[in-house]
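*Asks:* Have a look; sequence and predicted model below, questions after that.
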Amino acid sequence: MTGVRTETAGAVLVVTIDRPDARNAIDLSAAEAIAAAMTELDSRTDLSAAVLTGAGGTFSAGMDLKAFLAGERPIVPHRGFAGIVEAPPEKPIIAAVEGYALAGGFEIALACDLLVASRTAVFGLPEVKRGLVAAGGGLLRLPHRVPHALALEWALTGAHIPAERAADAGLVNRLTEPGHAMATALELARTIAANAPLAVRATKHIMTRARDWPAAEAFPRSREIAVPVRESRDAQEGSRAFAEKREPVWEGR
């Protein structure tokens, strides 16, 4: 068994880490299955977005330490830990968090573009309490998601961060009642997936990479990505549908 389930809901791919007895900790099999799901998301023209969640009321406790002690490393070539942290999908992905998202589990959530969390969810990078370093992208991504001083405090103390505190810091896009994170994330994903797929993909591309571009190159680089979309058949369809006061029919080209 891979410990991961996938299903489709219209144009949305739902990926569920399904190892509740291990608090959805990631072993190599689960990492490979998540990586395969990310590849499927990007390769299928009928999919525009994804939701990543955990079964049994917990998002993920991070790396499976029992498997680690047995010599296993849940790392996939080119995608890194859990099959996602070093190379997230090109299409938008939303984390739906219930319960704990700690250590590598938090890093998986941070690799997602948007985050929906139950009010009872808890985040944290407790690696320093175990003599480790959060090397799965948490230290790289967290300062871009919350104020730098706050990210530094959370990483250095290893503290548990309640969902409402994370939401106040701007980390959480939607805060829900317990048990409703998945439904809210799916609604958000469907809203995204209703838009033109080429435009959605290009928008994510620009917004996730622009912070690393030199200022003098930002507009030229963004134009390289945006112009082909503007010249696409979908751009024509979007304008035509607006003029005709109807819903557009996207072709993804």
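*Replies:* Yep, it's here. Numbers count the residues shown, from 1 in each chain.

*Asks:* where does the chain have its least confident helix or strand?
*Replies:* Ranked by mean pLDDT, DSSP states H and E, the weakest helix or strand in the chain is helix 65-69, scoring a mean of 82.

*Asks:* Which elements pack onto that one?
*Replies:* Helices and strands touching helix 65-69, by 3 or more Cβ pairs under 8 Å, 6 or more residues apart in numbering; DSSP states H and E: there are none. From N, CA and C alone the C-beta is placed, and that goes for glycine too.

*Asks:* CA atoms of that helix as PDB?
*Replies:* Presented in PDB, the C-alpha positions along helix 65-69 are these (Å, rounded to 0.1, in the frame of the first residue of the first chain):
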ATOM      1  CA  LEU A  65      10.900   8.200  12.200                       C
ATOM      2  CA  LYS A  66      10.600   4.500  12.400                       C
ATOM      3  CA  ALA A  67      11.300   4.100   8.700                       C
ATOM      4  CA  PHE A  68      14.100   6.600   9.100                       C
ATOM      5  CA  LEU A  69      15.700   4.600  11.800                       C
END
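
*Asks:* count of residues packed around Asn24?
*Replies:* Asn24 sits with 29 neighbouring residues when counted by other Cβ atoms under 10 Å.

*Asks:* Just the buried residues of the host helix or strand of Leu13, please?
*Replies:* Using DSSP states H and E, the element containing Leu13 is strand 12-17. With burial defined by 16 or more other Cβ atoms under 10 Å, the residues of strand 12-17 counted as buried are 12-17.

*Asks:* Closest one to Asp42 out of the residues you listed, please.
*Replies:* Leu13 (10.0 Å; Cβ to Cβ).

*Asks:* Let me know the next secondary structure element after the strand holding Leu13.
*Replies:* That would be, after strand 12-17 and using DSSP H and E, helix 28-43.

*Asks:* Parallel or antiparallel, list what pairs with the first helix or strand past that following helix going along the chain.
*Replies:* The first helix or strand that comes after helix 28-43 along the chain, using DSSP H and E, is strand 49-54. Partners of strand 49-54 in the sheet, by DSSP bridges, are strand 12-17 (parallel), strand 93-97 (parallel).

*Asks:* In JSON lines: those strands, plus mean pLDDT and distance to Pro178.
*Replies:* Formatted as JSON lines, the strands paired with strand 49-54 follow (pLDDT from 0 to 100; distance: least, Cβ to Cβ, whole Å):
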{"stretch": "strand 12-17", "mean pLDDT": "98", "distance to Pro178": "18"}
{"stretch": "strand 93-97", "mean pLDDT": "98", "distance to Pro178": "11"}
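
*Asks:* okay, these in CSV with distance to Asn24 next?
*Replies:* As requested, these are exported to CSV (distance: least, Cβ to Cβ, whole Å):
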stretch, distance to Asn24
strand 12-17, 4
strand 93-97, 11
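
*Asks:* helix, strand or coil for Phe123?
*Replies:* The three-state label given to Phe123 by DSSP: H, G, I helix; E, B strand; the rest coil is strand.

*Asks:* Contact partners for the residue nearest in space to the middle of the chain?
*Replies:* Centroid check for the chain by Cα atoms, centre = their mean gives Cys112 as the closest residue, at 1.4 Å. Contact partners of Cys112, counting by Cβ atoms under 8 Å, 6 or more residues apart in numbering, are 52, 88, 93-95.

*Asks:* check contacts around Ala181.
*Replies:* Neighbour list for Ala181: 53, 96-98, 116-118, 121 [criterion: Cβ under 8 Å, 6+ apart].

*Asks:* Apply 6 Å and report the result again.
*Replies:* By Cβ atoms under 6 Å, 6 or more residues apart in numbering, the residues touching Ala181 are 96-98, 116-118.

*Asks:* what's the distance between it and Thr58?
*Replies:* Computed as Cβ to Cβ, to the nearest Å, the Ala181 to Thr58 distance reads 11 Å.
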